[in-house]
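J.: Structure, please.
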Amino acid sequence: MMRRFVCLVPMLPLVFAFGSATAQLTPVASANGKTAGFAPPNVLSPELIETAVAQGSTELENPASLTSFYGYDNDGPMLPALGSNAEATKTEPDKNTYLVLRGLHGVDPNYDYGSRFLFQGHESGVPDPVTLAEQGYITRINLDADGPHRVTLLATHDTNGKALPDFDGSTWYPWSARLLFSAELASAGGIWQATPDFPSVVEDLSGIFGRGGYEGMQADSRGNLLIIEDVGGPRGTVNDKARQPNSFLYRFIPADRSDLRAGGRLQALQVQSHAHPGPIVFNHTPDVDILSQDVKDLHTYGLVFDATWVTIHDTAVDGVAPFDANAAAKAHAATAFKRPENGQFRPGSHFTEFFFDETGDTDAGTQAGSDFGGFGAIQNLRLSPTSDHATLNLFYRGDVEHTGLDNVAFYDRSHIIFVEDAGDMLHTQRNALDSAFLFDVRADFGDPSTPPPIRILAQGRDPSATIDSGLAGSSGFQNDGDNEITGLHISDGDASVFGILGAKMPEPFVDGWRVFYTQQHGDNVTWEILPAHRDLRDGEGDDQGD
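T.: Take a look at the predicted model:
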């Protein structure tokens with residue numbers, strides 16, 4: 001059985017207090033390099049260790065025709081034979097959602113599955129023979145269970161018998177007691193809801209939320225849902241290594257929090273320009289928009305933008321037929337960003353501060369550079385659950401060493417962790433695999449004297465991912481190469497409305513707070529991070545307040 005007291009401690013040259021104990025955690029000096037045939041291990045602060053809670057080869061307690069293992073479909077061997085590139089499709093277990101729930105069931109009616117569970121949607125899969133779309137599924141890691149009952153396959157199809165899509169984001173929506181899963185599939189994407197018990201009842205809510213390249217999702221205290229879209233825009237002709245902003249930040253206001261099927265209003269964020277009267281919209285040629293003054297201003301320290309949530313679809317007026325959310329946002333003059341992926345409310349802010357990232361172009365040669373968001377950014381949105389008005393300002397502007405920012409988790413009130421998803425090409429270009437960084441949200445990164453963010457994890461590359469990287473680009477090979485950090489999640493598992501992310505102050509190593517992440521691709525290992533030394537989990541925790 002896994003230990004119950006875990007949470008991530010940042011590796012930084014700062015002193016964090018935990019009751020009577022203090023701990024100074026050592027930063028990781030550099031990222032792991034990328035060398036053909038070399039499989040470097042993950043590097044964490046020496047004060048931290050990690051343990052696998054499941055990996056791709058973990059056998060499901062209920063194998064199905066699609067998949068028999070946690071992270072592999074049934075279309076080939078786990079490792080290619082010598083001289084072959086035939087390999088099972090890696091399913092890429094993505095976002096993790098940790099919940100403490102009692103009375104859940106599995107396949108075995110006589111087994112006690114415990115009360116601590118970690119849920120995942122899977123982001124890649126073999127094509128459906130009818131639609132040719134990749135098939136995803138939902139798994140539940142039973143953290144209190146033994147090996148044979150460790151992972152349960154919850155669902156492969158929705159209530160209409162349709163194969164589930166590849167899932168990316170997930171979150172718990174306590175008002176309806178449903179898990180929400182997002183599919184980052186542009187006009188084929190959307191949001192699905194699922195019950196946490198076995199077998200899971202999964203429903204497609206595309207008539208409510210629309211179709212979009214949805215990824216990150218977070219609820220506020222009123223049950224409104226912020227949804228982040230990741231849809232890459234077209235490349236320029238001259239600026240051929242950069243992309244036009246093409247993704248939106250949405251807010252959904254439900255008509256009935258207890259049943260999202262009742263509909264509601266979908267809004268998109270509209271940001272007012274500093275360069276000209278009116279909102280920032282990108283409707284010129286990609287080359288013009290990529291290097292526009294508006295894009296530069298959005299990635300300039302010190303500028304504060306007025307913003308408004310504009311309603312782009314209301315089920316009470318527009319009905320519940322599926323619709324293209326991205327197109328609706330553009331039609332209502334909402335503001336697109338450079339591939340935002342995930343965000344989180346700041347704990348203690350009463351859901352008035354929301355930090356979200358932009359991934360950027362994931363190309364070291366981007367003509368946009370740092371000034372025009374080519375290496376991504378972190379934006380700070382100040383908002384209210386009861387108002388359509390907001391303000392936006394740049395918190396951090398990425399560079400080639402800190403780019404492709406994706407998953408996020410708050411460590412405490414004032415420290416937030418973002419991890420990279422830079423991709424195989426950029427790994428090669430900069431000779432550096434992905435890292436996880438800790439940022440102090442009180443810092444002014446526009447001040448040149450401010451220290452850079454602290455690296456808390458240098459992702460390695462497991463042998464399977466190293467083999468896959470060598471096979472990438474070969475005829476018929478379908479899997480990604482280098483490992484990716486995903487599913488970073490810090491939670492105490494509270495499934496009540498008072499336990500949504502941002503409602504409580506994270507308390508490292510005490511009161512049941514735990515941290516997980518998935519080393520996606522390769523062996524598809526989902527890790528739990530633990531303190532290496534017992535004194536780090538003594539005491540009552542410390543609220544790193546302002």
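J.: all helices for the stretch 101-250 of the chain, in order.
T.: With helices called from DSSP state H, counting those that start in this stretch, the stretch 101-250 of the chain shows them at 206-209.
J.: Please, where are all the strands along it?
T.: 116-122, 138-142, 151-155, 170-173, 178-183, 190-194, 202-204, 214-219, 225-229, 249-254 (DSSP state E, counting those that start in this stretch).
J.: got the buried residues for the helix or strand where residue 265 lies?
T.: Residue 265 belongs to strand 264-271 when assigned by DSSP states H and E. For strand 264-271, the neighbour count (16 or more other Cβ atoms under 10 Å) marks 264-271 as buried. Yep, even glycine has a C-beta here, placed from its N, CA and C like the rest.
J.: how about CSV for these, with distance to residue 407 and pLDDT added?
T.: Shown next, in CSV, are the buried residues of strand 264-271 (distance: Cβ to Cβ, whole Å; pLDDT from 0 to 100):
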residue, distance to residue 407, pLDDT
264, 27, 98
265, 28, 98
266, 24, 98
267, 24, 98
268, 23, 98
269, 21, 98
270, 26, 98
271, 24, 98
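J.: would a markdown table of these with distance to residue 31 be doable?
T.: Shown next, in a markdown table, are those (distance: Cβ to Cβ, whole Å):
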| residue | distance to residue 31 |
| --- | --- |
| 264 | 43 |
| 265 | 43 |
| 266 | 39 |
| 267 | 38 |
| 268 | 35 |
| 269 | 32 |
| 270 | 37 |
| 271 | 33 |
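J.: From the residues you listed, pick the one nearest residue 446.
T.: Distance to residue 446 across the buried residues of strand 264-271 (Cβ to Cβ) is lowest for residue 271, with 18.7 Å.
J.: What is the burial count for the closest residue to the closest one other than its chain neighbours?
T.: Closest residue to residue 271 apart from its sequence neighbours, by Cβ to Cβ, 6 or more residues apart in numbering: residue 335 at 4.0 Å. Using other Cβ atoms under 10 Å, residue 335 has 25 neighbouring residues.
J.: and residue 335, what pLDDT?
T.: Note on residue 335: pLDDT of 98.
J.: Next up, the contacts around it.
T.: Shown in contact with residue 335 (Cβ atoms under 8 Å, 6 or more residues apart in numbering): 248, 268-271, 279-281, 307.
J.: Off-centre distance for the longest strand seen in the chain?
T.: Scanning the chain for the strand with the most residues, using DSSP state E, yields strand 304-314. Centroid separation for strand 304-314 versus its chain: 23 Å, with Cα atoms, centre = their mean, to the nearest Å.
J.: How about stretch 287-295?
T.: For stretch 287-295, the distance to the chain centre is 27 Å (Cα atoms, centre = their mean).
J.: Dump the C-alpha coordinates for it into PDB.
T.: What follows is stretch 287-295, C-alpha atoms only, in PDB (Å, rounded to 0.1, in the frame of the first residue of the first chain):
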ATOM      1  CA  ASP A 287       2.900  36.600 -41.100                       C
ATOM      2  CA  VAL A 288       1.300  39.900 -40.100                       C
ATOM      3  CA  ASP A 289      -0.300  38.500 -36.900                       C
ATOM      4  CA  ILE A 290       2.800  36.600 -35.700                       C
ATOM      5  CA  LEU A 291       4.900  39.800 -35.400                       C
ATOM      6  CA  SER A 292       2.000  42.200 -34.700                       C
ATOM      7  CA  GLN A 293       2.200  44.900 -32.000                       C
ATOM      8  CA  ASP A 294      -0.700  43.100 -30.200                       C
ATOM      9  CA  VAL A 295       1.300  39.900 -29.900                       C
END
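J.: List of residues touching it?
T.: Residues contacting stretch 287-295 (Cβ under 8 Å, 6+ apart): 236-239, 242-245, 273-275, 280, 282-284, 338, 367-368, 372-373.
J.: Now restrict those residues to buried residues only.
T.: 236, 239, 242-245, 273-274, 280, 282, 338, 367-368, 372-373.
J.: can you pull the contacts of residue 252?
T.: Neighbours of residue 252 in contact, by Cβ under 8 Å, 6+ apart: 208-209, 224-225, 227, 264-267.
J.: of those residues, closest to residue 402?
T.: Among these, and counting by Cβ to Cβ, the member closest to residue 402 is residue 227, at 25.0 Å.
J.: That closest one and residue 210 touch, don't they?
T.: No. Taking contacts as Cβ atoms under 8 Å, residue 227 lies outside contact range of residue 210: 9.6 Å.
J.: Excluding chain neighbours, give the residue nearest to the residue most central in space within the chain in space.
T.: Note on the chain: the residue nearest the mean C-alpha position is residue 407, at 3.8 Å, using Cα atoms, centre = their mean. Excluding the flanking residues, the one nearest residue 407 by Cβ to Cβ, 6+ apart is residue 488, at 4.4 Å.
J.: Burial check on the one you found, number of neighbours?
T.: Counted by other Cβ under 10 Å, the residues lying close to residue 488 total 23.
J.: what about residue 426, which helix or strand?
T.: helix 423-430.
J.: Looking only at that helix, what residues are buried by neighbour count?
T.: 423-424, 426-430.
J.: quick one, what contacts residue 243?
T.: 232-236, 286, 290, 338-339, 361.
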